[in-house]
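Colleague: okay, here's the prediction I keep looking at, along with the sequence it came from:
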Amino acid sequence: QVRLVESGGGSVQAGDSLRLSCAASGRSFSSYIMGWFRQAPGKEREFVADISWSDGNTVYADSVKGRFTISRDNAENTVYLQLNSLNPEDTSAYFCAARSVSSGKWDYWGQGTQVTVSS
């Protein structure tokens with residue numbers, strides 16, 4: 001059974017940093033892309049960043065480039081999202097997801113972790 005478990009969310013002040021973690025288990029993810037999405041109340045879920053498990057290639061949404069960094073630890077089967085220079089517009093539930101490299105559909109999702117940024 002595939003599981004993606006996020007952690008690391010919290011309530012911070014504008015300008016602060018957080019590191020989110022996504023622990024993946026239940027299968028080999030060597031041919032998968034791991035992603036982070038976020039969804040604020042009343043808004044659509046939006047893509048934040050993704051990383052190829054095999055070669056580490058990354059993609060970022062324009063809104064987070066230069067502030068957020070996605071990385072992975074193959075030995076720990078964990079994907080991270082470092083959030084720097086947070087602002088209130090970053091307040092959202094953040095979700096980890098996984099999809100096969102050959103698939104356009106995100107097959108697996110975590111339960112989410114809340115990030116709240118106050119000004």
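Modeller: Structure received. Numbering: from 1, shown residues only.
Colleague: ok, Leu86 touching Val12?
Modeller: Yes: look at Leu86 against Val12 with C-beta atoms under 8 Å: they come within range, at 5.9 Å. For every residue, glycine as well, the C-beta is placed using N, CA and C.
Colleague: overlap in contacts, the two.
Modeller: Common contacts of Leu86 and Val12 (C-beta atoms under 8 Å, 6 or more residues apart in numbering): Leu18, Val115, Val117.
Colleague: out of these, who's the most crowded?
Modeller: Of all the shared contacts of Leu86 and Val12, Val115 has the most neighbours under the rule other C-beta atoms under 10 Å, reaching 22 neighbours.
Colleague: which ones are touching that one?
Modeller: Val115 is in contact with 9-10, 12, 18, 20, 38, 83, 86, 90-94, counting by C-beta under 8 Å, 6+ apart.
Colleague: in a markdown table: those residues, plus pLDDT and secondary structure.
Modeller: Output for the contacts of Val115, formatted as a markdown table (pLDDT from 0 to 100; DSSP: H, G, I helix; E, B strand; the rest coil):
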| residue | pLDDT | secondary structure |
| --- | --- | --- |
| Gly9 | 98 | coil |
| Gly10 | 98 | strand |
| Val12 | 98 | strand |
| Leu18 | 98 | strand |
| Leu20 | 98 | strand |
| Arg38 | 98 | strand |
| Leu83 | 98 | strand |
| Leu86 | 98 | coil |
| Asp90 | 97 | helix |
| Thr91 | 97 | coil |
| Ser92 | 98 | strand |
| Ala93 | 98 | strand |
| Tyr94 | 98 | strand |
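Colleague: coming back round to it: neighbour count winner among Leu86 and Val12?
Modeller: Per other C-beta under 10 Å, whichever of Leu86 and Val12 has more neighbours is Leu86, with 21 against 17.
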